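K.L.:
show me the folded form of this:
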Amino acid sequence: MKNARGVLLLLLYVFFAAAGVASVALAEEEQSVSESFAELKTALDNDPNISPEVKRALNKFGKAVSRMEGQQAEDAITSDRLNGKISEWFASKDRKARMDRFFGTSEKRGLLDRLKLFGDLRFRLESTTNNGSSSGDPNNRVRTRYRVRFRFGGEYEICPTAWVGARVTTGTQDDQQSPHQTFDHNLDKWDVNFDRIYLHWSPFVHKPLSLGGDTTFTTDFWLGKFDHYKTFIGTPLSWDGDVQPEGLAVHNVFKNVLCFDEVQLNLGMYALTENADQQDAWMAVYQTAFKKKCDFGLPAPLEFTVASGLYYIQDTDTNANGSMIVARGIEHSPTLQNGAFQSDYHIWDNIFEVKYKGIEFLGKKRPLKLTFQYLHNFGANDDTAHHRSDQDNAFGLFTTFGETKKRGDWRVGAAYVYVEQDAVYSGVTTDDWPVLGNMKGGWIFLDYVLWEKTVLKLWGLWDDAIDHYADDSQDEHFRFRIQIDIKF
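P.N.:
Numbering: from 1, shown residues only. A predicted model of the protein is given here:
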């Protein structure tokens, strides 16, 4: 009887191994469940030590498992048929063409591949202290406000060398220098406007045009309302990054020219005002830039950039009332009379920049960048109201150390600027200081990456008038900011 039980246990083990792990056992033995059961039935019938009752029970159980195997086969056939129907659906020429346009193929990119979305979100707390005014409201010495900036845009590749793009942003429609929405006006809805709609064409983007030897050429055309800094090199002293010009720009780049790594010839023609009854105001921008890396045996090369250009603004006294020509801060200008400029703006802009990426600090190499900028307005008139000569010079010194690429990175920076009354065109320059004309000031900041693409920024800013007059109540300002910038 002991032997009978042993044989029974062995047969049950073989049976359940065949039925319970069919995908492995059957693959190894190349037998179906029904074939295994037939062998088991023969063994049971030939074993005199197993009772008839046990044989009948095992026989019924084996038949039930065999029926389950047949049902699984039917299910498999059903799945095959379903897969066939799906294949037929996707094999339709019209459907396949639509899917290829949307998702792309191995030879051609689809709509999703050609569409690029981007945006950013900013939360800012800002406190400004006004000091030194002789006629200002003494009850309004400190202003604290909460602000938000939200921008969202997209760019679509219409062909391998051309793109169309657009972006919407918060901020009032008539303030070109600020996309920020202040928390005010009794919970009113916020303004959202387009600040970019453009066509970008780069005919040599994939294969630069060879000009002989190692010299190559690429060019980019921008038409519509677009980013000034895609074409020109500058700082907030010459152009605020939030100001999106309207018109046409061309960015020409020559690689390996003479002793230079890169030479740029950049041109822009921007519209300012258009009026049927008066002369239109416009701006032309020209710039040449040279870039060179020099190896002095340091851990990293020094990277030099020298740029010189002209911001030529025509007919600034045209259509002045309420237009962009009368910009933020210009009411302080002694050369502004009856709502129109008395000075022209033909601004010579010069930039010298050096980068070095070999400074070892706190266990990591961190980049250092120094930028010096000098501007001179050839169109400034004498300040006869205050018995002065023309106020036509400005300069700025900007420096940053560190980078903000990944979590835990940090960057510090500082700047100092000195801007005479008519040295820059304040309609397109930075609004970080309340006034940019007859002023000197500076800032310091710290950036810290909290998470990927999320940066905490602390700012401290200061500005004061270069000359204080009895008829000019221009304040000294101290401004503190804390903000979080999120990119996506």
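K.L.:
may I have the helix or strand where A97 lies exported as PDB, CA atoms only?
P.N.:
Using DSSP states H and E, A97 sits within helix 93-103. Taking C-alpha atoms only, helix 93-103 is exported to PDB below (Å, rounded to 0.1, in the frame of the first residue of the first chain):
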ATOM      1  CA  LYS A  93      -4.900  53.500 -46.800                       C
ATOM      2  CA  ASP A  94      -6.800  56.500 -45.600                       C
ATOM      3  CA  ARG A  95      -6.500  55.700 -41.900                       C
ATOM      4  CA  LYS A  96      -2.800  54.800 -42.300                       C
ATOM      5  CA  ALA A  97      -2.100  58.100 -44.100                       C
ATOM      6  CA  ARG A  98      -3.800  60.000 -41.300                       C
ATOM      7  CA  MET A  99      -1.900  58.100 -38.600                       C
ATOM      8  CA  ASP A 100       1.400  58.600 -40.400                       C
ATOM      9  CA  ARG A 101       0.800  62.300 -40.600                       C
ATOM     10  CA  PHE A 102       0.100  62.500 -36.900                       C
ATOM     11  CA  PHE A 103       2.700  60.100 -35.500                       C
END
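K.L.:
pull out the buried positions in it.
P.N.:
Residues of helix 93-103 classed as buried: none (neighbour count, 16 or more other C-beta atoms under 10 Å). Bear in mind the C-beta positions are built from the backbone N, C-alpha and C, glycine included.
K.L.:
so what does it touch, helix or strand wise?
P.N.:
In terms of contacts (3 or more C-beta pairs under 8 Å, 6 or more residues apart in numbering; DSSP states H and E), helix 93-103 is packed against helix 52-91, helix 111-114.
K.L.:
who does the closest residue to G402 other than its chain neighbours bridge with?
P.N.:
Sequence neighbours aside, R411 is the residue nearest to G402 in space, at 3.7 Å (criterion: C-beta to C-beta, 6 or more residues apart in numbering). With DSSP bridges as the criterion, R411 is bridged to G402, D447.
K.L.:
if we can go back for a sec, chain center to the helix holding A97: distance?
P.N.:
Distance, stretch centre to chain centre, for helix 93-103: 31 Å (C-alpha atoms, centre = their mean, to the nearest Å).
K.L.:
what of stretch 288-305?
P.N.:
Taking C-alpha atoms, centre = their mean, one finds the center of stretch 288-305 at 27 Å from the center of the full chain.
K.L.:
list the contacts of it.
P.N.:
Residues outside stretch 288-305 that contact it (C-beta atoms under 8 Å, 6 or more residues apart in numbering) are 233, 259-266, 306-309, 351-358, 360, 365.
K.L.:
which of the residues in stretch 453-470 are classified as buried?
P.N.:
V455, L456, K457, W459, L461, W462, D463, D464, A465.
K.L.:
hmm, I was thinking of stretch 289-306
P.N.:
For stretch 289-306, by 16+ other C-beta under 10 Å, it's A289, F290, K291, P301, E303, F304, T305, V306.
K.L.:
end-to-end on it?
P.N.:
With C-alpha to C-alpha, to the nearest Å as the measure, the ends of stretch 289-306 fall 6 Å from one another.
K.L.:
list buried residues within the contacts of stretch 288-305.
P.N.:
233, 260, 263-264, 266, 306-309, 351, 353, 355-357.
K.L.:
all helices of this protein, in order?
P.N.:
Using DSSP state H, the helices found in the chain span residues 2-20, 22-29, 33-46, 52-91, 93-103, 111-114.
K.L.:
next, the contact list for the residue lying closest to F103 once chain neighbours are set aside, please.
P.N.:
The shortest distance from F103 to any non-neighbouring residue, by C-beta to C-beta, 6+ apart, is to G110 (4.5 Å). Residues in contact with G110 (C-beta under 8 Å, 6+ apart) are D100, R101, F102, F103, G104.
K.L.:
of all those, which comes closest to N377?
P.N.:
G104 (51.8 Å; C-beta to C-beta).
K.L.:
the residue nearest to G402 contacts D447, correct?
P.N.:
Yes: R411 lies in contact with D447 (C-beta atoms under 8 Å); the separation is 4.4 Å.
K.L.:
can you list the weak-confidence ranges in the protein?
P.N.:
1-34, 37, 44, 65-91, 132-140, 277-278, 316-342, 385-386, 470-474 (pLDDT under 70).
K.L.:
rewinding a little: show me which pair in the buried residues of stretch 289-306 is furthest apart.
P.N.:
A289 and P301 (18.1 Å).
K.L.:
any idea what E262 is bridged to?
P.N.:
E262 forms beta bridges with K255, K291, as assigned by DSSP bridges.
K.L.:
show the contacting residues for it.
P.N.:
V253, F254, K255, A289, F290, K291.
K.L.:
pretty sure the first one contacts T218?
P.N.:
Yes: with contact defined as C-beta under 8 Å, V253 counts as touching T218 (5.0 Å).
K.L.:
burial of the residue nearest to A414 when sequence neighbours are not counted, as a residue count?
P.N.:
Of all residues beyond its chain neighbours, the one nearest A414 is I444 (4.7 Å), with distances taken as C-beta to C-beta, 6+ apart. Using other C-beta atoms under 10 Å, I444 has 14 neighbouring residues.
K.L.:
understood, closing this out.
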